[in-house]
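Peer 1: need a structure here:
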Amino acid sequence: MQIRGLLLLLALILLAATAEAGKNKKEKVKKDGSECEDWRWGPCVPNSKDCGLGYREGTCKDETRKLKCKIPCNWKKKFGADCKYKFESWGGCSAQTGVKTRSGILKKALYNAQCEEIVYVTKPCSSKIKSKSKGQSPLLAS
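Peer 2: All right, here's what the predicted structure looks like:
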């Protein structure tokens with residue numbers, strides 16, 4: 001019975017110590033953080049060229065901050081790195097223009113970015129003709 005009481009007491013002490021450690025972490029975050037809640041963030045500006053590592057500047061009242069950010073080098077620069085879209089499947093190839101089209105609907109605008117609700121993208125049609133019989137020799141088909 002005494003062992004059970006001792007184990008219970010140790011468990012309570014450990015629980016209290018863990019809870020206190022969690023409070024200290026939360027307090028540190030609040031001290032380092034800003035009181036301001038209405039941050040306005042600008043676009044990610046790469047350090048060199050038009051992609052790669054860079055910084056995003058934010059302002060709130062009289063405070064200014066910079067956050068590290070990254071623009072992937074294979075990104076669709078037309079839409080900006082802060083606008084995320086859900087795209088539908090590619091449409092059929094237009095014989096007149098030689099391109100196919102698809103549209104994307106805005107899914108998320110990061111850092112209050114100004115994004116278009118719907119965007120359209122095009123790409124050239126493939127010049128390859130895909131055969132229907134994959135893995136069969138023409139001699140075997142007859």
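
Peer 1: can you map out the strands along this structure?
Peer 2: Taking DSSP state E to define them, one finds strands in the chain at 40-41, 45-46, 52-60, 63-71, 83-87, 99-109, 118-124.

Peer 1: surely residue 66 is in contact with residue 57?
Peer 2: Yes: with contact defined as C-beta atoms under 8 Å, residue 66 counts as touching residue 57 (5.4 Å). All C-beta atoms are positioned from the backbone trio N, CA, C, and that covers glycine.

Peer 1: how about the strands of the chain in a markdown table, adding distance to residue 3 and mean neighbour count?
Peer 2: Output for those, formatted as a markdown table (distance: least, C-beta to C-beta, whole Å; neighbours: other C-beta atoms under 10 Å):
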| stretch | distance to residue 3 | mean neighbour count |
| --- | --- | --- |
| strand 40-41 | 57 | 14 |
| strand 45-46 | 64 | 14 |
| strand 52-60 | 56 | 15 |
| strand 63-71 | 53 | 13 |
| strand 83-87 | 57 | 15 |
| strand 99-109 | 55 | 14 |
| strand 118-124 | 68 | 12 |
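
Peer 1: want to throw those into CSV with mean pLDDT and distance to residue 2?
Peer 2: Formatted as CSV, the strands of the chain follow (pLDDT from 0 to 100; distance: least, C-beta to C-beta, whole Å):
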stretch, mean pLDDT, distance to residue 2
strand 40-41, 88, 60
strand 45-46, 86, 67
strand 52-60, 91, 58
strand 63-71, 89, 56
strand 83-87, 90, 61
strand 99-109, 93, 59
strand 118-124, 92, 72
